[in-house]
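Peer 1: Here's my sequence, what's the structure:
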Amino acid sequence: MVTLLSGIKWGLILTILVGPIMFSLVQAGIEKGLKLGVTLGAGVWVSDILYVCTVYWGMNQINLSNELYFNIGMIGSAILVIFGIASLLKKPKPPTNNLIEAKTYGGYFIKGFVINTFNPFTIFFWVTIATTEARDFLPTQAFIFFAGLIGTIMVTDVLKVLLAKRVRRLMTPRAINRTKIVSGIAMIIFGIILFVKIMTNPPQVM
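Peer 2: This next block holds a predicted model:
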């Protein structure tokens with residue numbers, strides 16, 4: 001239960017972050033409705049699942065040294081803090097979602113997959129989680145943890161699509177700026193928490 005709740009916790013932290021995925025889900029929900037909005041979200045979820053399999057299970061398969069786990073975790077935590085600071089300093093711009101055009105279900109799936117896969121934050125998020133939170137998990141624990149995390153992302157993404165019209169009305173320039181501030185602070189706290197976790201419970205570096 002604790003492992004599941006930990007995954008849900010990180011899923012909720014991730015879902016409040018403002019970025020291209022959130023804007024894409026809201027726009028798809030408003031313009032195309034629930035089915036296409038969820039299809040776009042499905043592309044995001046498949047991308048996340050592939051990252052989990054590649055990063056976590058991939059690292060275990062090649063038996064990375066404890067020293068490398070430590071270094072990756074430290075670098076990942078620092079980069080997440082930098083992302084947060086950049087979010088605080090960067091001036092908000094009107095969201096744009098036309099970089100990847102989509103008209104069919106397949107197109108929306110690919111759009112969600114591409115947006116998430118090539119988002120630098122996504123890469124650092126999963127690498128950092130795998131090297132800090134999930135490093136010492138048994139396979140069953142890892143499955144429960146990531147299932148809770150990705151399951152939370154799925155549920156909240158569907159809610160974003162369902163409530164897209166209400167969310168859009170709230171997305172004024174002032175509200176977007178405030179949300180970016182909250183997101184930036186959340187990323188900084190997220191990075192610091194993981195940094196402290198690594199420092200207080202480091203792998204046995206040889």
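Peer 1: What's the local residue count around residue 138?
Peer 2: By the criterion of other C-beta atoms under 10 Å, residue 138 has 9 neighbours. C-beta coordinates here come from the backbone N, C-alpha and C atoms, glycine included.
Peer 1: For it, give its distance to residue 53.
Peer 2: Between residue 138 and residue 53 the distance is 17 Å, computed by C-beta to C-beta, to the nearest Å.
Peer 1: burial count for the closest residue to residue 123 other than its chain neighbours?
Peer 2: The shortest distance from residue 123 to any non-neighbouring residue, by C-beta to C-beta, 6 or more residues apart in numbering, is to residue 51 (7.4 Å). Applying the criterion other C-beta under 10 Å, we find 22 residues in the vicinity of residue 51.
Peer 1: so who does residue 51 touch?
Peer 2: With contacts taken as C-beta atoms under 8 Å, 6 or more residues apart in numbering, residue 51 has the following neighbours: 117, 122-123, 126.
Peer 1: please redo it, this time with the cut-off set to 10 Å
Peer 2: Residue 51 makes contacts with 58, 116-117, 122-123, 125-127, 129-130, 146, 150, as judged by C-beta atoms under 10 Å, 6 or more residues apart in numbering.
Peer 1: Repeat that for residue 137.
Peer 2: Shown here is residue 137, whose contacts under the criterion C-beta under 10 Å, 6+ apart are 3, 6, 56, 60, 130, 143-146.
Peer 1: on that earlier part again, state the helix or strand in which the residue nearest to residue 123 lies.
Peer 2: In this assignment (DSSP states H and E), residue 51 forms part of helix 34-52.
Peer 1: Just the buried residues of that helix, please?
Peer 2: Of the residues in helix 34-52, those scored as buried under the neighbour-count criterion (16 or more other C-beta atoms under 10 Å) are 36-45, 47-48, 51-52.
Peer 1: closest to residue 23 among the residues you listed?
Peer 2: Within those, the smallest distance to residue 23 is 11.2 Å, found for residue 40 (C-beta to C-beta).
Peer 1: Give me the local confidence score for the closest one.
Peer 2: According to the model's per-residue confidence, residue 40 sits at a pLDDT of 91.
Peer 1: Would you confirm that it contacts residue 107?
Peer 2: Yes. With contact taken as C-beta atoms under 10 Å, residue 40 and residue 107 are classed as touching, separated by 9.2 Å.
Peer 1: can you tell me the average pLDDT over the helix ranked longest in the chain?
Peer 2: With secondary structure taken from DSSP state H, the chain has its longest helix at helix 173-200. When pLDDT is averaged along helix 173-200, the result is 79.
Peer 1: May I have stretch 35-53 as CSV, with CA atoms only?
Peer 2: These are the backbone C-alpha positions of stretch 35-53, laid out as CSV (Å, rounded to 0.1, in the frame of the first residue of the first chain):
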residue,chain,number,x,y,z
LYS,A,35,-12.5,10.4,-27.8
LEU,A,36,-9.8,12.2,-29.7
GLY,A,37,-8.6,13.9,-26.5
VAL,A,38,-8.2,10.5,-24.8
THR,A,39,-6.5,9.2,-27.9
LEU,A,40,-3.9,11.9,-27.7
GLY,A,41,-3.5,11.1,-24.0
ALA,A,42,-3.0,7.4,-24.9
GLY,A,43,0.0,8.4,-27.0
VAL,A,44,1.4,10.1,-23.9
TRP,A,45,0.8,7.1,-21.7
VAL,A,46,2.4,4.6,-24.1
SER,A,47,5.4,6.9,-24.3
ASP,A,48,5.6,7.0,-20.5
ILE,A,49,5.3,3.2,-20.3
LEU,A,50,8.1,2.7,-22.8
TYR,A,51,10.3,5.1,-20.8
VAL,A,52,9.7,3.1,-17.6
CYS,A,53,10.5,-0.2,-19.3
